[in-house]
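>>> Turn this into a structure:
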Amino acid sequence: MPTPNTPADPGDEFRQIIAQFRQAEQARMDDAKKRLRTQVLPRLVQQRVANIEAAYSGFGDSGAIDGLQFRDAAGQRVDRTTLPLEVIEQLENCIYEFLPAGFEINDGGQGSVLIETLTAKVTIQHQNYTEPRDSTREFTL
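Numbers count the residues shown, from 1 in each chain. As a prediction, the model looks like this:
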C-alpha cells in the first residue's frame, strides 16, 4: 500500500483496468448464453431446427458471419425463410459474442460455430494462421 509520499504502482491501475475489462466481457458472454438458451433455442426447436452451423471469417480489421445453415434432426436443411427474422437476428447477435476476440484483426481468422438446439451445446472451431512471405531484394546502383 503506497504511503502519501510513495507514488502508486502504475501496474496496479493497469491490472484493475484489465480485470474490469475481463469482468465486462464475461458478463456479455453470460448474457449471450442466457439469451440463446432461454429465448432463441426454444423458438428454433419449435421450428424443428436441431442444429445450426455458422461460418465466420475476418481479416484486415473486418469480420462477419458468412452464413448460417439450419438442419433438422434428420440432417435435412431447414429453409431459413421459414424462420422468424427476429430469431435469426437474435441468434447472430449471440454468436458474435462467442467469436474469439480479435478474429478480424490483421490476417484474421476463420471458423465455425455449431449449436445443438436440444442439448444447448456450442462448439467453436477456429483457425488462425499467417502465411510467411519471405523476400530477397538485390540492387546494383
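>>> out of everything not next to it in sequence, what's closest to the spatially most central residue of the chain?
The centroid of the chain falls nearest to Leu99 when counting by Cα atoms, centre = their mean (1.2 Å). Of all residues not flanking Leu99 in the chain, Tyr56 sits nearest, at 6.0 Å (Cβ to Cβ, 6 or more residues apart in numbering). (Glycine included, C-beta is placed from N, CA and C.)
>>> Now do the same contact list for that neighbour.
For Tyr56, the contact set (Cβ atoms under 8 Å, 6 or more residues apart in numbering) comprises Gly63, Ala64, Ile65, Asp66, Ile95, Leu99, Phe103, Gln110, Gly111, Ser112, Val113.
>>> Helix or strand: which one has the last one?
Secondary-structure element containing Val113, defined by DSSP states H and E: strand 110-116.
>>> Also the third one?
Using DSSP H and E, Ile65 maps to strand 62-71.
>>> Does anything pack onto that strand? Which helices or strands?
strand 51-59, helix 85-98 (3 or more Cβ pairs under 8 Å, 6 or more residues apart in numbering; DSSP states H and E).
>>> so which of these is the most packed in?
Per residue and on average, the most neighbours among these fall to strand 51-59, with a mean of 19 (mean count of other Cβ atoms under 10 Å).
>>> Check which strands are paired with it and give the direction for each one.
With DSSP bridges as the test, strand 51-59 is paired with strand 62-71 (antiparallel), strand 110-116 (antiparallel).
>>> which residue sits closest to Asn128 in space, ignoring its chain neighbours?
What sits nearest to Asn128 in space, not counting adjacent residues and going by Cβ to Cβ, 6+ apart, is Gly109, at 3.5 Å.
>>> was I right about that neighbour contacting Ala101?
No - the pair Gly109 / Ala101 is not scored as a contact, 10.4 Å apart, by Cβ atoms under 8 Å.
>>> who's more crowded, these two?
Gly109 (20 against 7; other Cβ atoms under 10 Å).
>>> Pop out the phi and psi values for that one.
Taking degrees, to the nearest 10, you get phi -150, psi 170 for the backbone angles of Gly109.
>>> now this structure, which segments are flagged as low pLDDT?
For the chain, residues meeting the criterion pLDDT under 70 lie at 1-8, 129-141.
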